[in-house]
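Student: Below are the sequence and a predicted model; questions follow.
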Amino acid sequence: AISYIESTYLSSYPMVSMIWEKGGYGPVITDFRSPAQTKFVSGQHPLFDRASLVQESDKGQICNEFILRYNYNAMLDQFESVMVRSPNNSTICQYSRKMFGYRSGNDIESNTIFDDATANYVLNWMVAHKSLPSYYVEYEGSPTLFFKMRRGDTIELTDPEFGWDEER
């Protein structure tokens, strides 16, 4: 069952990761567009200091055109709906194309998405998370954060050294 969920079902939902945590196995949803759980300022309690250098994501992984085929009809063995996000209908994709050139993502064929609302959510997530670079940085913090925060929580981070002001 877990193998099916991970390889088949979750391939349609790139925002979901499966993790082991606190003696259990379950999903974590990562979406920086969700409301922030809290705000942190570098060097102010409970966030002590940066523990790593800032790393920019691989620009080779950036995409600015996404195609989702969904609403699968098993009787006809075909997808009955297609949705596209590209520079033609997304300002973020348009900006990404100007910055990095045309980059098509892998088409997603989903046997588990049947409605336009879910298809829109997945494509909008892809645009928000895959069209522009992201940054990875580690901070040292108070042990109380272990009890207050969970993986996948969205935070707003201020780090004056980088000019970041409530960045998600």
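Tutor: Happy to help now that I have it.
Student: so what does the top helix by length along the chain touch, helix or strand wise?
Tutor: Scanning the chain for the longest helix, with DSSP state H as the assignment, gives helix 116-130. With contacts defined as 3 or more Cβ pairs under 8 Å, 6 or more residues apart in numbering; DSSP states H and E, helix 116-130 has these neighbours: strand 66-73, strand 78-85, helix 91-100. Using the backbone N, CA and C atoms, a C-beta is placed for each residue, glycine as well.
Student: Which positions in the last one come out as buried?
Tutor: Residues of helix 91-100 classed as buried: 92-93, 96-97, 100 (neighbour count, 16 or more other Cβ atoms under 10 Å).
Student: Okay, now the sheet partners of the helix or strand that it is followed by, with direction.
Tutor: Scanning forward in sequence from helix 91-100, with DSSP states H and E defining helices and strands, the next element found is strand 108-109. Strands flanking strand 108-109 in the sheet, each with its direction: strand 66-73 (parallel) (DSSP bridges).
Student: which outside residues touch the strand it pairs with?
Tutor: Applying Cβ atoms under 8 Å, 6 or more residues apart in numbering, the external contacts of strand 66-73 come out as 12, 78-86, 93, 105, 107-111, 113-115, 118-119, 122-123, 126-127, 130.
Student: If anything else comes up later, I'll come back, but that's it for now.
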